[in-house]
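> Build me a model from this:
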Amino acid sequence: MRQRGLTIAIAVAVALVLARSAVYLIWEQAGFDSDQAIFGLMAKHLVEGRAFPMFIYGDSYLLAVQSWLAAPLFAIFGPSVAVLKIPVVAINAVTAALLVWILHRDAKLSPPMALLAAMFFAFAAPVMAKLLVETGGGNPEPFLYVLILWMLRDRPLAFGLVFGLGFIHREFTLYGVTAIVAISVLADRRLNTDRLKAVALAGIGYLVVAQAVRAAFLFSTPFGPGTTIDATRVSFGSSELAGRICFAPETIVPAMLGLFGNYLGFPFGATSERLVTFGVRSVLPASATFWPVLGVVFGMALTRVIWLSIRNRRPLWAGPAAVGTFLLLVGLQSGVVYALTRCGRLEPDTLRYALLMLYIGVGIATLYFIYETERPLRLAMAGAIVAWTVITAVAHGRLLDEYLNREPGGPHRALATYLADRGIKYARSDYWTAYTTTFFANETVLVDAIDTMRIRVYQKEVAAHDDEAVNVQREPCRDGTGEEAVAGTFWLCRRNRLIPDP
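You can find the predicted model right below:
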C-alpha cells in the first residue's frame, strides 16, 4: 500500500511539472529569446554535421548539454521551440520525481507529506516555471545534479564524476558539494584515512571529467560552423564568470535585508512583479504580494524546528533530518552568494543566478514534517502549503486563460515570416532579435548580431552580401523610408545605420 502511495505521489509531481510547463511548451512566444535560440541552432548544426559545440557559442562555460539532448529529437521531428524544450521539461519531471522519492526514503516522510514538501518545485510559480524550462542558461539541471550528489555521497568516485559534469555545466552545482561537506563535518569532525581516500577519489572523478571536456573542447567549434579553437581567444573554464562578480563589503547588510525582505519571494511567486519583467510575453498585471505572510511561515517553522532539535537532542545534520538540512543549505547558499556577489543589486532579471533558493522552502517543509509531532501544527503547515498551491494554481490559470483567449503575438516569428516571404536572406539587428529570428526562419534568413556575435558564419555571410542585407531595428528609419515589417515593433531600413553616428 505504501509503495502504491509513493507511486501516486511521484505521478502527481510529474503531472504538476507538465501542467506548470504547458504554456511555455505549447506557445513558443511565451518565453523564448536569443540565448535559447543559440542552443537550438547548436542542436541543428549538430544534426547537420556542421559543428561540434561543447559550450554555448561564443563562450567557454555553459556546457551544450541541452543541445546534445535536443539534437536526436531535431533529427526526427525537425527544429522547433517545443522540441527544443522537451528534454528540459523531462529534466524537470525527473527532478520532481527524484525529490519526492528521496524525501520518502531518506527523510522518512509519508508519500503525501513528501509530495507536499516537494510542491514548491513540482508546481513552481509561473515565473520559476518559465525559468526552469529555458534552454539558454542550464537552469533546471543544478536542481537535479545536487540531488544526484546527495544520493552518491557515499560513492566518492561516482560523486566526483557527477560533480565534474555538473560544475562545468553550471557552477551552481558546487552548492551541493559544500552542503554535503558541511553536514559531514558537523556529524563527525574527525579527519581519518577513509575520508582522505574519499576526497582523493572524488577529486580523481572530477579531473577525469574536466580533462575529457578539455580534450573535446580542443576539437569543438566555439563560434559555430567553420570555427576552431586556434582561431579564437576563448579560454577553457569559468574565468568569464569572474568579471560578472561584484563584491563590496558595505553592501553586505543591505543585500541581506533585500534578499530576505523581498527578493526571496520571487522564486515562490510571492513578491509582486509583472511577468513581462522576467521575459514572459504577457500583459497580465502584477499579482498580489504575499511574501510577508509566507516568509513569516517559513521563519516560524524553522525556528520551531531548531527549538525541537535542541530540546530533543536530535541534530539537524543527523538521521532523517540530514536531507532536509542539505536542501535548506543548498537554497541558502544560492541566495546568499547571489546577494553578496551583486554589490547589493538584486534584480528580477538576474533571478536565474539564484534559482536554487527554491530548495529553501522544500528544506524547511521537510524539516518541519520530520520534527513536528503535534498534529494541529503539522496540519497548519500542510494547510499553508495547500494555500500556496491554490494561489499558484490561480496564477497559472490566469496565464493559461490569457493564451487561450487573448494570445499575445509573436513578433520574432512574424519578422522571420516577413523576411522569408519577401526573399530577404540577409539582415543585421541587435542580439535579442538576430538569433531568435534566424532560428524561427530555420536559417533560410541569416540575421547577424551587431552587438554580441556568437555565430561567426552569419557575420561573414551577411558581410559578403552587404548590398542585399537590410537593417532590422526597433524604431522607424531615420529618413522616413523603409518598411514596417511587424506593426509597431520592427522596421527594415536599407540605408540607415543601426547605431547612430556619434
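> C-alpha only now, for contacts and for neighbours.
Fine.
> mean confidence score for the helix or strand harbouring Leu358?
Taking DSSP states H and E as the criterion, Leu358 maps to helix 358-371. Throughout helix 358-371, pLDDT has a mean value of 98.
> Tell me which residues of whichever helix or strand comes after it come out buried.
Downstream of helix 358-371, the first helix or strand assigned by DSSP H and E is helix 375-405. Neighbour-count burial for helix 375-405 flags 378, 381-382, 384-385, 388-389, 391-393, 395-396, 399-400, 402-403 (criterion: 16 or more other C-alpha atoms under 10 Å).
> out of those, which one sits closest to Ala124?
Set against Ala124, the nearest of those by C-alpha to C-alpha is Thr392 (7.6 Å).
> pLDDT score assigned to the closest one?
97.
> ditto for Pro126
Note for Pro126: predicted pLDDT of 96.
> so Ser282, which of the three states?
Following DSSP: H, G, I helix; E, B strand; the rest coil, Ser282 is assigned to coil.
> quick check: domain ranges of the chain?
2-405, 411-493 (automatic domain parsing).
> I'd like the distance from the first one to the chain centre, please.
Same thing as domain 2-405. From the chain centre to the centre of domain 2-405 is a distance of 7 Å (C-alpha atoms, centre = their mean, to the nearest Å).
> just stretch 427-438 next, same as before
In terms of C-alpha atoms, centre = their mean, the centre of stretch 427-438 is found 23 Å from the chain centre.
> Could you pull up the mean pLDDT of that stretch?
The model assigns stretch 427-438 a mean pLDDT of 96.
> Repeat that for stretch 2-19.
Averaging pLDDT along stretch 2-19 yields 95.
> repeat for stretch 150-167
In this model, stretch 150-167 has an average pLDDT of 97.
> what does that stretch contact?
Stretch 150-167 is contacted from outside by 141-142, 145, 148-149, 173-174, 176-177, 180, 198-199, 201-210, 323, using C-alpha atoms under 8 Å, 6 or more residues apart in numbering.
> Kindly export it (C-alpha atoms) in CSV.
C-alpha atoms of stretch 150-167 as CSV (Å, rounded to 0.1, in the frame of the first residue of the first chain):
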residue,chain,number,x,y,z
TRP,A,150,23.2,13.6,-2.3
MET,A,151,22.5,10.1,-3.5
LEU,A,152,26.2,9.4,-4.3
ARG,A,153,27.7,11.0,-1.2
ASP,A,154,29.0,7.5,-0.1
ARG,A,155,30.4,6.7,-3.5
PRO,A,156,33.2,9.2,-4.0
LEU,A,157,34.4,8.3,-7.4
ALA,A,158,30.9,8.5,-8.9
PHE,A,159,30.3,11.6,-6.8
GLY,A,160,33.4,13.3,-8.4
LEU,A,161,32.3,12.3,-11.9
VAL,A,162,28.8,13.8,-11.5
PHE,A,163,30.2,16.9,-9.8
GLY,A,164,32.6,17.3,-12.7
LEU,A,165,29.8,17.3,-15.3
GLY,A,166,27.5,19.4,-13.1
PHE,A,167,30.1,22.0,-12.2
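> Buried residues in that stretch, which are they?
By neighbour count on 16+ other C-alpha under 10 Å, the buried set for stretch 150-167 is 150, 153, 156-167.
> Can you name the residues that contact the residue nearest the centre of the chain?
The centre of the chain sits closest to Asn139, judged by C-alpha atoms, centre = their mean, with a distance of 1.7 Å. By C-alpha under 8 Å, 6+ apart, the contact list for Asn139 reads Leu131, Leu132, Val133, Arg352, Leu355.
> Dump those residues to a markdown table, plus neighbour count, distance to Ile364 and secondary structure.
Shown next, in a markdown table, are those (neighbours: other C-alpha atoms under 10 Å; distance: C-alpha to C-alpha, whole Å; DSSP: H, G, I helix; E, B strand; the rest coil):
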| residue | neighbour count | distance to Ile364 | secondary structure |
| --- | --- | --- | --- |
| Leu131 | 25 | 23 | helix |
| Leu132 | 24 | 21 | helix |
| Val133 | 27 | 25 | coil |
| Arg352 | 19 | 22 | helix |
| Leu355 | 24 | 16 | helix |
